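Peer 1: Coordinates only, no sequence provided:
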């Protein structure tokens, strides 16, 4: 494969994901860019996740499955996948999220053209049943360490990293926010995260997930500031206040919008016609 068509390794941890993992895999199979491998690491699922993944694996040999012998959490699962990755580029996709068909092609083109090591894109939030909300992530042109410490605008499902530039990467072994810790590590080393302002992924809002518990996320952020990034108490307070302020603004905005379900244009037109009648 020529250098202009580098291999992309897709990192996907799974745990009891039978409800969504098939749709996630299909969103990868449906990519317009074909030179990829999808490394799925199952963290001791007790449902039918493994059987489903094996069915897709038999269908397409670009899908690799690794089964862990004991449950270790998302960080360990992702690190095992990264260790087995053969691609120059690393991309992340959790087992309940989705990519739009041109995600890999558009992002890889963006990175190669700009000659950058670390990028992310916009994503839209979807309900558990797959319906789209109006909540679309913000994508600054570039993000540095100080910006990220105040507010993590980077969705894990949108990230792509060129390991030829960054060297080997690994996530901190913590139960949550390990992706955020990696972004901080990269930006602390001087790699800016560049935003591609296109919606190329769908983030699923799942009830009971760690990310849905704002109090737990807040506590984990504080732990990151103090123990992972080893910031002073005063700096940690400063960063946490910025994080909290942004979070409250975002929540208030979503309450006003009520995260209305997005409707395609043809549906909106049909509604107008019905209203006139």
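Peer 2: Nice, thanks for sending it over. These numbers were taken from a predicted model, which means no experiment stands behind them. Residues are numbered from 1 along each chain as shown.
Peer 1: CA atoms for contacts and neighbours, from now on please.
Peer 2: OK.
Peer 1: what's stretch 171-181 in contact with?
Peer 2: With contact meaning C-alpha atoms under 8 Å, 6 or more residues apart in numbering, stretch 171-181 is reached by 73-76, 78-79, 152, 154, 156, 182, 210, 217, 220-221, 224, 228.
Peer 1: so which one among these has the lowest pLDDT?
Peer 2: When it comes to pLDDT, residue 210 is the least confident member of the contacts of stretch 171-181, at 53.
Peer 1: Go ahead and build a PyMOL selection from the buried members of the contacts of stretch 171-181.
Peer 2: In PyMOL, the members of the contacts of stretch 171-181 classed as buried (16 or more other C-alpha atoms under 10 Å) are selected with the following command:
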select buried, resi 73+74+75+76+78+79+152+154+156+220+221+224
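Peer 1: Just list the residues touching residue 220, thanks.
Peer 2: 176, 177.
Peer 1: State the helix or strand in which it lies.
Peer 2: Secondary-structure element containing residue 220, defined by DSSP states H and E: helix 214-223.
Peer 1: again, but for residue 46
Peer 2: Remark: residue 46 resides in no helix or strand, with elements defined by DSSP H and E.
Peer 1: dump the residue contacts of it.
Peer 2: Going by C-alpha under 8 Å, 6+ apart, residue 46 touches residue 16.
Peer 1: For it, what are phi and psi?
Peer 2: Backbone torsions for residue 46, taken as degrees, to the nearest 10, come to phi -110, psi 0.
Peer 1: same question, residue 228
Peer 2: According to degrees, to the nearest 10, the main-chain angles of residue 228 amount to phi -90, psi -50.
Peer 1: Helix, strand, or coil at the residue nearest to it when sequence neighbours are not counted?
Peer 2: Taking C-alpha to C-alpha, 6 or more residues apart in numbering, and ignoring the residues beside it in sequence, residue 228 has residue 181 as its nearest neighbour in space, at 7.7 Å. Three-state assignment for residue 181 (DSSP: H, G, I helix; E, B strand; the rest coil): helix.
Peer 1: Residue 181: how many residues sit nearby?
Peer 2: Look at residue 181: counted by other C-alpha atoms under 10 Å, it has 22 neighbours.
Peer 1: can you check residue 107 too?
Peer 2: Using other C-alpha under 10 Å, the number of residues around residue 107 comes to 21.
Peer 1: Now tell me what touches the biggest strand by length in the chain from outside.
Peer 2: Of all the segments of type strand in the chain, defined by DSSP state E, the longest one is strand 193-204. When contacts are defined by C-alpha under 8 Å, 6+ apart, strand 193-204 is touched by residues 96-103, 107, 110, 116-128, 130, 136, 139-144, 157-158, 187.
Peer 1: Inside strands: which ones of these?
Peer 2: Those of those lying in strands (DSSP E): 98-99, 118-126, 136, 142-143.
Peer 1: Now restrict those to buried residues only.
Peer 2: Among those, the ones that count as buried by 16+ other C-alpha under 10 Å are 98, 99, 118, 119, 120, 121, 122, 123, 124, 125, 126, 143.
Peer 1: coming back round to it: can you give the strand pairings for the longest strand of the chain, parallel or anti for each?
Peer 2: Each strand that strand 193-204 pairs with, and the sense of that pairing, follows from DSSP bridges: strand 98-99 (antiparallel), strand 118-126 (parallel), strand 142-143 (antiparallel).
Peer 1: So for the second one, mean pLDDT?
Peer 2: Model confidence over strand 118-126, given as mean pLDDT, is 97.
Peer 1: on that earlier part again, of the strands paired with strand 193-204, which is nearest residue 85?
Peer 2: When the strands paired with strand 193-204 are ranked by distance to residue 85, counting by C-alpha to C-alpha, first place goes to strand 118-126 at 17.1 Å.
Peer 1: could the strands paired with strand 193-204 be laid out in JSON lines, adding distance to residue 10?
Peer 2: Listed next are the strands paired with strand 193-204 as JSON lines, based on distance: least, C-alpha to C-alpha, whole Å:
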{"stretch": "strand 98-99", "distance to residue 10": "11"}
{"stretch": "strand 118-126", "distance to residue 10": "14"}
{"stretch": "strand 142-143", "distance to residue 10": "23"}
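Peer 1: Which one of the ones you listed lies nearest to residue 234?
Peer 2: Ranking those by their distance to residue 234 (criterion: C-alpha to C-alpha) puts strand 142-143 first, at 22.6 Å.
Peer 1: need the next SSE after that closest one, C-terminal direction.
Peer 2: Counting by DSSP H and E, the next helix or strand C-terminal to strand 142-143 is helix 145-150.
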